[in-house]
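J.: Provide a 3D model corresponding to the input given below.
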Amino acid sequence: MGKYVLWAPRVLMSILIVFIIVMAIDAFRIPYSSGSNAGSLLTSLIPAALLLAGLITGWKHKLAAGIIVVIIGLAMIVLTRIYRQNFSFLVLSTPVLVTGILYFLNWLYDRPSGQNNK
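T.: Below you'll find the model as predicted:
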């Protein structure tokens, strides 16, 4: 059980980052200039960069990563108004929130048993 709790948020976060990067490639449009395309691509890659920062943080500081990832998930919901489209909400925001919860569970699982009673 310990290995699954340890690796599940990391693997899920990696898959999600790759998914966002692949979807960001859709920002390229033929009739637009390369500067406009680059700006669109960079804007689309901001969530992936933030999630990558959460993944790197989570390698050593599980509680901090849980907080960061949940905040990123909530920010994605509010700033993009993704709650209006059920499918987009399920595909983009739910995995981020689940990953944040998994980081919290990982942190709880790794704590010494004496701290659980406080």
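J.: give me the mean pLDDT for stretch 38-51.
T.: For stretch 38-51, mean pLDDT is 83.
J.: residues of that stretch that come out buried?
T.: Buried residues in stretch 38-51, counting neighbours by 16 or more other Cβ atoms under 10 Å, are found at 40, 44-45, 47-48, 50-51. (Each C-beta comes from the backbone N, C-alpha and C, glycine too.)
J.: count the neighbours of residue 79 for me.
T.: Taking other Cβ atoms under 10 Å as the criterion, the count of residues near residue 79 is 9.
J.: got it, and residue 78?
T.: With other Cβ under 10 Å as criterion, residue 78 counts 11.
J.: state the pLDDT value of it.
T.: On pLDDT, residue 78 comes in at 83.
J.: and residue 23, by the same measure?
T.: 84.
J.: return the helix or strand containing it as PDB; C-alpha atoms alone will do.
T.: Using DSSP states H and E, residue 23 falls within helix 2-24. Provided in PDB are the C-alpha atoms of helix 2-24 (Å, rounded to 0.1, in the frame of the first residue of the first chain):
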ATOM      1  CA  GLY A   2       2.900   2.400   0.800                       C
ATOM      2  CA  LYS A   3       4.300   2.200  -2.700                       C
ATOM      3  CA  TYR A   4       1.000   3.000  -4.300                       C
ATOM      4  CA  VAL A   5       0.300   6.000  -2.000                       C
ATOM      5  CA  LEU A   6       3.900   7.200  -2.700                       C
ATOM      6  CA  TRP A   7       3.900   6.900  -6.500                       C
ATOM      7  CA  ALA A   8       0.200   7.400  -7.400                       C
ATOM      8  CA  PRO A   9       0.300  11.300  -7.200                       C
ATOM      9  CA  ARG A  10       3.600  11.500  -9.000                       C
ATOM     10  CA  VAL A  11       2.500   9.300 -11.900                       C
ATOM     11  CA  LEU A  12      -0.900  10.900 -12.200                       C
ATOM     12  CA  MET A  13       0.800  14.400 -12.100                       C
ATOM     13  CA  SER A  14       3.300  13.300 -14.800                       C
ATOM     14  CA  ILE A  15       0.500  12.000 -17.000                       C
ATOM     15  CA  LEU A  16      -1.500  15.200 -16.500                       C
ATOM     16  CA  ILE A  17       1.500  17.400 -17.400                       C
ATOM     17  CA  VAL A  18       2.100  15.500 -20.600                       C
ATOM     18  CA  PHE A  19      -1.600  15.700 -21.500                       C
ATOM     19  CA  ILE A  20      -1.600  19.500 -21.000                       C
ATOM     20  CA  ILE A  21       1.600  19.900 -23.000                       C
ATOM     21  CA  VAL A  22       0.100  17.900 -25.900                       C
ATOM     22  CA  MET A  23      -3.100  19.900 -25.700                       C
ATOM     23  CA  ALA A  24      -1.100  23.100 -25.800                       C
END
